[in-house]
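Novice: I need the structure of the sequence given here:
(one chain, ligands or ions: 2)
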Amino acid sequence: MILSASILSADFTDLRGQVQQAEQAGVDWIHVDVMDGHFVPNITMGAFMVETCKRITSLPLDVHLMIEKPERHIQAFINAGADYISVHIEGNPNIHRTLQALRSAGVHPGIVLNPGTPAGHVSAVLPFVDYVLAMTVNPGFSGQSFIPQVAGKVSEIRKMLDQMNPQASIEVDGGITAENLPVIQTAGANIIVAATAIFRHPEGIAAGVRNLRSAGLN
Ligand code: DX5
Ligand code: ZN
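Specialist: Ligands and ions are numbered 1, 2, ... in the order given. Down below sits the predicted model:
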């Protein structure tokens, strides 16, 4: 299990301290949620925050673009030091070009699908990605409830990947807790994003990470 800590729920008055605590607690990646107020209702952070995180940590930066026309902005995120960049299938007519541009730049490309998007919608791009991000909430905010029906879709995607791109991973994002983690791992997810469960754990960041690690299957 790769654990990717989403800074969306971090205390930004002490971002360095929060990211370093997560790193010391043993998270594998830092997840940066980029929202433009159009693709999703919320506005969060841009390439500047990726560049800031790069100066705080040596962990891989996992950048999730929830923006319209991501092809206009990927170069800024590549320049800022993103290691993984995922773009949504929804509303992106030229997605192959974007994924290939990411690959050519040496960044790991990922495709994202919302809970309401069927697994079949990403089948044509599976050979071009290193991971599929299956949203387990409708994107826009941290702290929402996990949608359990996505587990079935994760299994479907895993089967398609086994045929077309067996090396590729499945990431899940949204409402992940120690309680639902084993179910979604069993379905085939191996990269787990968590914001609230890590940065808002009542006993602190280290306890949040410990809790997820001990609930996880591996
Ligand atoms: C949701 C974001 C998620 C979010 C997860 O739109 O993509 O990465 O930060 O937050 P939690 O873990 O609190 O659901
Ligand atoms: Zn995310």
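
Novice: Can you get me a residue count around the residue of the chain found nearest ligand 2?
Specialist: Closest to ligand 2 within the chain is residue 64: 3.7 Å, counting by Cβ to the ion. For glycine as for every other residue, the C-beta is placed from the backbone atoms N, C-alpha and C. Neighbours of residue 64 under the rule other Cβ atoms under 10 Å: 26.

Novice: that's a strand at it, yeah?
Specialist: Yes. With DSSP: H, G, I helix; E, B strand; the rest coil as the criterion, residue 64 is assigned to a strand.

Novice: Look up which residues are beta-bridged to it.
Specialist: Beta-bridge pairing for residue 64 (DSSP bridges): residue 33, residue 86.

Novice: which secondary structure elements does the helix ranked longest in the chain contact?
Specialist: Ranked by number of residues, the top helix in the chain under DSSP state H is helix 150-164. Counting contacts by 3 or more Cβ pairs under 8 Å, 6 or more residues apart in numbering; DSSP states H and E, helix 150-164 packs against strand 131-135, strand 169-173, helix 181-187.

Novice: hmm, the next helix-or-strand element following the last one touching ligand 2?
Specialist: As assigned by DSSP states H and E, the chain's next helix or strand after helix 181-187 is strand 191-194. No. When contact is scored as Cβ under 5 Å from the ion, no part of strand 191-194 falls within range of ligand 2; the minimum is 5.5 Å.

Novice: now swap in stretch 106-118 and tell me
Specialist: No. Counting by Cβ under 5 Å from the ion, ligand 2 has no neighbours in stretch 106-118; the shortest distance is 8.3 Å.

Novice: got the contact list for stretch 34-51?
Specialist: Contacts to stretch 34-51, defined as Cβ atoms under 8 Å, 6 or more residues apart in numbering, come from residues 7-8, 32-33, 61, 63-68, 73, 76-77, 79-82, 88, 90-91, 139-141.

Novice: what mean pLDDT does it have?
Specialist: Stretch 34-51 comes out with an average pLDDT of 98.

Novice: Stretch 134-144 too?
Specialist: 98.

Novice: How about stretch 197-207?
Specialist: Mean predicted confidence for stretch 197-207 is 98.
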